[in-house]
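> with the sequence up front, the predicted model follows.
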Amino acid sequence: VLVIACPHALGLAIPTVSTIATRLAVKNGVFIKDMGKIEVVKAADYVVFDKTGTLTKGEFGVTGITVFSGTEKQLLQIAGSIETHSSHVIGMAIVQHLEKQKITLTEASKIKNLAGKGIKGTYNGKQYFLGNKRLMEEQKVWDENIAEVYKKLSAEGKTPVFVADKSNVLGVIALSDQVKEESQQAVDELHKLGVKVAMLTGDTKSAAEPVAKQLGIDTVFAEVLPEDKYKHIRELQDAGNVVVMAGDGVNDAPALTQANAGVAIGAGTDVAVEAGDIILTQSNPQHIVRLIVLSRKVYAKMLQNLWWALGYNIVAIPAAAGLFIPFGFRLSPAVGALLMSFSSVIVVVNAMSLRNAKLVVEA
């Protein structure tokens with residue numbers, strides 16, 4: 001009984017699978033900081049993606065300029081000089097457009113980023129505001145003409161950046177972002193796995209809906225302020241969902257922490273990476289699919305190993321105690337030692353079979 005009950009198989013059941021799973025995950029662009037999250041990810045009901053840079057390329061391009069006051073060149077000089085100090089993809093896109101147009105920029109001062117709204121700064125001794133509808137409304141420069149332009153651009157799925165001084169909107173710079181090819185496949189495969197997809201974005205509903213419709217996303221949270229992202233994660237959790245959140249920015253850190261499992265894009269900020277339980281080495285939404293497939297296969301292997309180890313002991317211990325002697329079966333210590341070793345070998349071999357697992361969604 002002592003030989004049979006030696007818990008080698010039970011002791012090997014989980015660690016062998018965990019070790020091989022970690023190696024397989026890294027091979028597929030996923031680094032799991034907390035292996036305990038495997039159980040959470042395999043039961044995910046919702047995957048929430050940040051829009052810009054995660055589902056879309058994050059490579060905005062200027063696709064149109066509407067001027068209400070002054071000239072187009074003046075509007076771009078004001079916007080570019082202030083946005084030079086911004087690290088946001090939209091600001092960088094405006095600056096890149098100016099560089100292509102070979103428009104010279106003048107140094108701006110008193111720059112202040114307005115989270116979820118835009119940026120303000122002083123150019124040639126005058127203060128200007130660049131940002132979204134919310135910022136313009138706060139500055140009380142919104143009117144019907146601007147609303148018409150805004151409505152038209154939003155219907156086309158473009159992101160409008162308004163340029164204003166303290167009293168008037170000077171013009172609108174329209175930008176658009178392209179959806180990643182991998183995003184469509186990732187959403188389709190998540191649906192095949194029975195997982196719903198949500199999208200978080202600070203963009204307007206009319207700008208977010210074309211992307212959501214194109215990808216077939218189930219739930220859209222638009223016009224979300226950075227500090228409110230985690231509230232929408234909690235909203236899904238309160239409805240009884242297990243939520244996995246994927247994001248790459250400083251603004252995503254609270255949401256990553258709030259989610260049942262936070263997945264940080266490795267190409268993102270250090271804050272996001274630190275807040276995530278799992279890190280993707282590339283900004284590829286399909287790696288989320290691989291993560292869920294991996295978690296389900298790993299969990300299945302763990303259960304198989306545990307059942308084998310326990311089942312072996314449930315049968316072998318009574319046999320070693322002589323329970324089956326009346327039926328003509330006696331288990332000797334030597335045979336018991338062989339069986340004990342054999343059970344450990346089976347557990348290890350079963351775990352090693354995970355190395356050849358293909359992390360694809362079966363049709």
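Arrived safely, thanks for sending.

> for the protein, just list every one of the helices.
Using DSSP state H, the helices found in the chain span residues 2-5, 8-27, 38-42, 72-83, 89-101, 133-138, 144-155, 181-192, 205-215, 229-238, 253-258, 270-275, 286-320, 333-352.

> looking at those, which is closest to Val62?
Nearest of the helices of the chain to Val62, taken as C-beta to C-beta: helix 89-101 at 4.1 Å. (C-beta placed from N, C-alpha, C; glycine too.)

> poorly predicted segments of the stretch 201-350 of the chain, please.
249-250, 266-273, 275 (pLDDT under 70).

> about what we covered before: got a markdown table for the helices of the chain, with mean neighbour count and distance to Val360 too?
Output for these, formatted as a markdown table (neighbours: other C-beta atoms under 10 Å; distance: least, C-beta to C-beta, whole Å):
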| stretch | mean neighbour count | distance to Val360 |
| --- | --- | --- |
| helix 2-5 | 15 | 40 |
| helix 8-27 | 18 | 13 |
| helix 38-42 | 20 | 16 |
| helix 72-83 | 22 | 42 |
| helix 89-101 | 18 | 31 |
| helix 133-138 | 17 | 42 |
| helix 144-155 | 16 | 37 |
| helix 181-192 | 18 | 8 |
| helix 205-215 | 19 | 20 |
| helix 229-238 | 18 | 27 |
| helix 253-258 | 23 | 26 |
| helix 270-275 | 18 | 27 |
| helix 286-320 | 19 | 7 |
| helix 333-352 | 16 | 20 |
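
> got TSV for these, with distance to Gly121 too?
What follows is those, written out as TSV (distance: least, C-beta to C-beta, whole Å):
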stretch	distance to Gly121
helix 2-5	73
helix 8-27	43
helix 38-42	43
helix 72-83	4
helix 89-101	11
helix 133-138	13
helix 144-155	21
helix 181-192	34
helix 205-215	24
helix 229-238	26
helix 253-258	26
helix 270-275	24
helix 286-320	37
helix 333-352	58
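
> so which of those helices comes closest to Thr54?
helix 181-192 (8.1 Å).

> relative to Ala108, which of the helices of the chain is closest?
Evaluated over the helices of the chain, closeness to Ala108 peaks at helix 72-83, with 4.3 Å, by C-beta to C-beta.

> what about that closest one, average pLDDT?
Throughout helix 72-83, pLDDT has a mean value of 89.

> now swap in stretch 10-18 and tell me
Here stretch 10-18 scores 79 as its mean pLDDT.

> what's the offset of it from the middle of its chain?
Average the C-alpha atoms of stretch 10-18, do the same for its chain, and the two points are 29 Å apart (C-alpha atoms, centre = their mean, to the nearest Å).

> look up how far Ile317 lies from the most far-flung residue of the chain relative to its centre.
Of all residues in the chain, Pro326 sits farthest from the chain's C-alpha centroid, using C-alpha atoms, centre = their mean; the distance is 61.5 Å. Here the criterion is C-beta to C-beta, to the nearest Å. By it, Pro326 lies 17 Å from Ile317.

> confidence score at the closest residue to Ser183 other than its chain neighbours?
In this structure, Ser183 finds its nearest non-sequential neighbour in Leu55, 4.6 Å apart by C-beta to C-beta, 6 or more residues apart in numbering. We have a pLDDT of 84 for Leu55.

> got a list of what Leu55 touches?
49, 179-180, 183, 199, 211, 215, 285 (C-beta atoms under 8 Å, 6 or more residues apart in numbering).

> report the beta-bridge partners for the residue nearest the centre of the chain.
In the chain, the residue lying closest to the centroid (C-alpha atoms, centre = their mean) is Ala246, at 1.4 Å. Listed by DSSP bridges, the beta-bridge partners for Ala246 are Phe49, Val263.

> that one reaches Ile288, doesn't it?
Yes - between Ala246 and Ile288 there is a contact under C-beta atoms under 8 Å: 5.8 Å.

> which neighbours do these two share?
Joint contacts of Ala246 and Ile288 (C-beta under 8 Å, 6+ apart) are 47, 49, 263, 280.

> nearest to Ala357, of those?
Leu280 (18.5 Å).

> how near is the spatially closest residue to the closest one that is not a sequence neighbour to Leu354?
Leaving aside its sequence neighbours, Leu280 sits nearest to His287 (C-beta to C-beta, 6+ apart; 4.6 Å). Distance from His287 to Leu354, counting by C-beta to C-beta: 18 Å.

> what residues are up against Pro210?
Listed by C-beta under 8 Å, 6+ apart, the contact partners of Pro210 are Gly157.

> now do it against Met199, distance only.
12 Å.

> check the gap between the residue nearest to Ser183 and Glu181 for me.
Distance from Leu55 to Glu181, by C-beta to C-beta: 11 Å.
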